[in-house]
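1. Next comes the sequence, and after it the predicted model I'd like to discuss.
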Amino acid sequence: MSIGNVFLIASSAMTAQSQRLNVVASNLANVDSAASSTGGPYKAKQVVFSAQPVSGDKSSIGVRVARVLDDPRPPRLQFNPNHPLADARGYVTLPNVDAVEEMVNMISASRAYQTNADVMNAAKTMAARTISLLQG
């Protein structure tokens, strides 16, 4: 594997984690949205990753976001008979977003992003030292 592939692999992971962070931010922003553009409550989104070869080299595997799916869990019901969107029983249908789970996802994605940035910095340092050894 060449040093260039290290940068391609790490950057693919950083791009995927960045997309994951965007999905988490969207989920957290809609944690209490009783109505969405579709009329019902917002549905939490989940990111699905898949492996992909980088630069045509089948021995070097990066990552990409394969798709973003709606979370299949049912919506939350909250008793609030005074809410304008409450049903006949007094329940408001809220998104199936678990704020604690989303915070864990956010921390995990942030750490994965930072780890890949560290990998790129380490590879850059090693390449610079190799060049200086070859010049010396």
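-> Everything's here; your move. As the structure is a computational prediction, the values presented were derived from the model and not from experiment.

2. tell me the mean pLDDT over the helix or strand containing Asn22?
-> In the assignment (DSSP states H and E), Asn22 maps to helix 3-29. Taken as a whole, helix 3-29 has a mean pLDDT of 95.

3. Which strands or helices does it pack on?
-> Helices and strands touching helix 3-29, by 3 or more CB pairs under 8 Å, 6 or more residues apart in numbering; DSSP states H and E, are strand 45-54, strand 57-70, helix 99-135. To be clear about C-beta, it is placed using only N, CA and C from the backbone, and glycine gets the same treatment.

4. For the shortest one, which outside residues touch it?
-> Translated: strand 45-54. The list of residues contacting strand 45-54 from outside it, by CB atoms under 8 Å, 6 or more residues apart in numbering, reads 5, 8-9, 12, 16, 19-20, 23, 26-27, 60-71.

5. give the contact list for Val31.
-> Listed by CB under 8 Å, 6+ apart, the contact set of Val31 reads Pro95, Val97, Ala99, Glu102.

6. Got a ChimeraX select line for the buried ones in the residues you listed?
-> Here is the ChimeraX command that selects the buried residues among these (16 or more other CB atoms under 10 Å):
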select :95,97,102
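
7. Going by distance to Thr115, which of the contacts of Val31 wins?
-> Comparing the contacts of Val31 against Thr115 with CB to CB places Glu102 closest, at 20.2 Å.

8. How about the contacts made by the spatially most central residue of the chain?
-> Among the residues of the chain, the one closest to the centroid is Arg20, at 1.2 Å (CA atoms, centre = their mean). Listed by CB under 8 Å, 6+ apart, the contact set of Arg20 reads Val47, Val65, Asn105, Ala109.

9. Please identify which pair of those lies farthest apart.
-> Top of the distance list for these (CB to CB): Val65 and Asn105, 13.7 Å.

10. Go ahead and name everything in contact with stretch 94-104.
-> Taking CB under 8 Å, 6+ apart as the rule, stretch 94-104 contacts 24, 27-28, 30-34, 36, 41-44, 71, 73-78.
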